[in-house]
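S.K.: Need coordinates for the following:
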Amino acid sequence: MANLLVTGGAGFIGGNFVHYWSEAHPGDSIVVLDALTYAGNRSTLEGAERTRLVEGDIRETDLVTRLLREHDIATIVHFAAESHVDRSITGPDAFIDTNILGTNSLLKAARAVWLAGGGREHRFHHISTDEVYGSLGPEDPAFSETTAYAPNSPYSASKAASDHLVRAYHHTYGLNVTTSNCSNNYGPYQYPEKLIPLFLLNALSGKPLPIYGDGMNVRDWLHVEDHCRGIEACLERGEPGETYNIGGGAELPNLEVIEAICREVDRAFEEVEGLAERYPDAPAAAGQPSASLKTFVEDRAGHDRRYAIDETKARSALAYEPRHDFDEGLRQTLRWYLANEDWWRPLSGQTGI
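M.R.: Below you'll find the predicted structure:
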C-alpha cells in the first residue's frame, strides 16, 4: 500500500490520473490537493475509491507539509498548473505564481518532510509539457529529453522554470524527482477551453469553430489514459533525476484535427438516437456538415508552429508505448461528452458555450 498526494487532481489530467491509479492500485490511498479554480471540478473525482479531496493552494507550504506528515505520504504527483496559453498571454502573473512559486512551495515541503532525520524512500514526480522546447520547423527532428529549452509563451516559460527548480532540488538537496514532458492531451473531463472539447461543443451548439491562422500548426496528440500509463511507468521504473518525454504518436495539423472532429460529430448525429432533439442548433441536426462552422481568425501571438515528441527513451527505459489510435480515441472522447452533458453543461457559463 502507498499514499499519494496528487496536486491539481480535480483538473483534467490529474482527475483522469486519480481514476486510473485508484483502479490500477486499489490498495493505495490518494489525497488530492486542488484550489478548485475554474479548471478544477469536484464532480471529476466522483467514483474514485480511497480518494480524499482537500481544497487548498499548493503555495501554502505549511498545508502541504501537514498533509505529507498526517497522511504519511511518500509520493507526490504534481499536476497543478495554469496551463492555457491564451490566458497566459493576457494575464501572465497567475502563471508565475502557480507554476513557479507553487512548485517551489511543494519542493520545500517535500524536502522538509522527506529528507529530515536521515531521509526516507520517496518520489516527487513533476508533470511538464513539450512546449518548453519551443517550436520546430517542418523538417526538424522531434523533441528529445536533450533538446534545449526555448519557451515562447508566458505559460511555457513558467513551466520551464518549474522544470529547472525540480532538477535543482534533486542535484542540490538529493530529492528523488522525475519529470515527464507530455504532448497535447485529449480525453474525458477536459475543460472546454481547449481545442478538442471546445470544438466538439461548439459544433453541437452551432457556434463558430475559430481556427488560428492557416490552421497548419502541428501538435502531437496524446490520449490522457496513455499519459496516465506513462506517469505510472515513471513512478515505478523511472530513475531519480531523469526526464522522460511522453507522446501519443499522432502528429497532426490543427486543421486536420478540426476536420476529424466535424466528421465525428456528423457521424454521431447519424448513429445516436435523439441528438437532433437535444442539440437542434447543430448543423448536423439538419443534415448539414459541421465543417460549415469553420472560421479562420487572426493567429495567436507567438503561436508555435510545430511540436513533436521523440519518446524513444520512455519506450526503452520505461517500456512505455501509447495504445490509443487517434481516430478511435477522438470518437470515444466525443461519445463521452455526449453521455456526460451533466458534467460539462455547468461550465458553459464560464466559457461561453
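S.K.: Strands of the stretch 251-353 of the chain, start to end?
M.R.: Per DSSP state E, counting those that start in this stretch, the stretch 251-353 of the chain carries strands over the ranges 251-253, 294-297.
S.K.: Mind putting these into CSV with distance to W114 and mean neighbour count?
M.R.: In this view, the C-beta of every residue, glycine as well, is placed from N, C-alpha and C. Below are the strands of the stretch 251-353 of the chain laid out as CSV (distance: least, CB to CB, whole Å; neighbours: other CB atoms under 10 Å):
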stretch, distance to W114, mean neighbour count
strand 251-253, 38, 17
strand 294-297, 48, 13
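S.K.: would you list the ones you listed in CSV and tack on distance to T75 and mean pLDDT?
M.R.: Converted to CSV, the strands of the stretch 251-353 of the chain look like this (distance: least, CB to CB, whole Å; pLDDT from 0 to 100):
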stretch, distance to T75, mean pLDDT
strand 251-253, 32, 96
strand 294-297, 43, 96
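S.K.: Which one of these lies nearest to Q332?
M.R.: Q332 lies closest to strand 251-253 among those, at 16.8 Å (CB to CB).
S.K.: Please list the residues outside the closest one that contact it.
M.R.: 215-221, 308, 326 (CB atoms under 8 Å, 6 or more residues apart in numbering).
S.K.: Now rank the residues you listed by neighbours and give me the top one.
M.R.: Greatest neighbour count in those, by other CB atoms under 10 Å, goes to D220: 26 neighbours.
S.K.: dump the residue contacts of that one.
M.R.: 130, 142, 183-184, 247-252, 307-309.
S.K.: What helix or strand is L198 located in?
M.R.: helix 195-205 (DSSP states H and E).
S.K.: Show me what the next helix or strand along the chain from that helix is packed against.
M.R.: Using DSSP H and E, the helix or strand that follows helix 195-205 in sequence is strand 209-212. Judged by 3 or more CB pairs under 8 Å, 6 or more residues apart in numbering; DSSP states H and E, the packing partners of strand 209-212 are helix 195-205, helix 254-271, strand 294-297.
S.K.: Strand 209-212 pairs with which strands?
M.R.: Paired neighbours of strand 209-212 in the sheet (DSSP bridges): strand 294-297 (parallel).
S.K.: count of residues packed around the residue lying closest to I309 once chain neighbours are set aside?
M.R.: Closest residue to I309 apart from its sequence neighbours, by CB to CB, 6 or more residues apart in numbering: G247 at 3.0 Å. G247: 30 surrounding residues under other CB under 10 Å.
S.K.: Now do the helices in the chain.
M.R.: Taking DSSP state H to define them, one finds helices in the chain at 12-24, 61-70, 85-90, 93-95, 103-114, 154-173, 195-205, 224-237, 254-271, 275-278, 312-318, 326-339, 341-344, 348-351.
S.K.: With mean pLDDT as new columns, can these be given to me in a markdown table?
M.R.: Formatted as a markdown table, those follow (pLDDT from 0 to 100):
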| stretch | mean pLDDT |
| --- | --- |
| helix 12-24 | 98 |
| helix 61-70 | 98 |
| helix 85-90 | 87 |
| helix 93-95 | 93 |
| helix 103-114 | 98 |
| helix 154-173 | 97 |
| helix 195-205 | 95 |
| helix 224-237 | 98 |
| helix 254-271 | 97 |
| helix 275-278 | 96 |
| helix 312-318 | 98 |
| helix 326-339 | 96 |
| helix 341-344 | 94 |
| helix 348-351 | 57 |
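S.K.: Which among those is found nearest to V31?
M.R.: Taking the helices of the chain one by one with CB to CB, helix 61-70 is closest: 5.9 Å.
S.K.: before we move on, the earlier item: can you redo the strands of the stretch 251-353 of the chain as CSV with distance to I89?
M.R.: Output for the strands of the stretch 251-353 of the chain, formatted as CSV (distance: least, CB to CB, whole Å):
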stretch, distance to I89
strand 251-253, 22
strand 294-297, 15
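S.K.: so which of those gets nearest V265?
M.R.: When those are compared by CB to CB, strand 294-297 sits nearest V265, at 12.2 Å.
S.K.: Give me the contacts around that closest one.
M.R.: The contact list for strand 294-297 (CB under 8 Å, 6+ apart) reads 208-215, 258, 262.
S.K.: circling back to that earlier point, I'd like the helices of the chain as JSON lines, with distance to R50 appended.
M.R.: Listed next are those as JSON lines, based on distance: least, CB to CB, whole Å:
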{"stretch": "helix 12-24", "distance to R50": "6"}
{"stretch": "helix 61-70", "distance to R50": "15"}
{"stretch": "helix 85-90", "distance to R50": "33"}
{"stretch": "helix 93-95", "distance to R50": "32"}
{"stretch": "helix 103-114", "distance to R50": "21"}
{"stretch": "helix 154-173", "distance to R50": "27"}
{"stretch": "helix 195-205", "distance to R50": "28"}
{"stretch": "helix 224-237", "distance to R50": "16"}
{"stretch": "helix 254-271", "distance to R50": "35"}
{"stretch": "helix 275-278", "distance to R50": "36"}
{"stretch": "helix 312-318", "distance to R50": "25"}
{"stretch": "helix 326-339", "distance to R50": "24"}
{"stretch": "helix 341-344", "distance to R50": "22"}
{"stretch": "helix 348-351", "distance to R50": "30"}
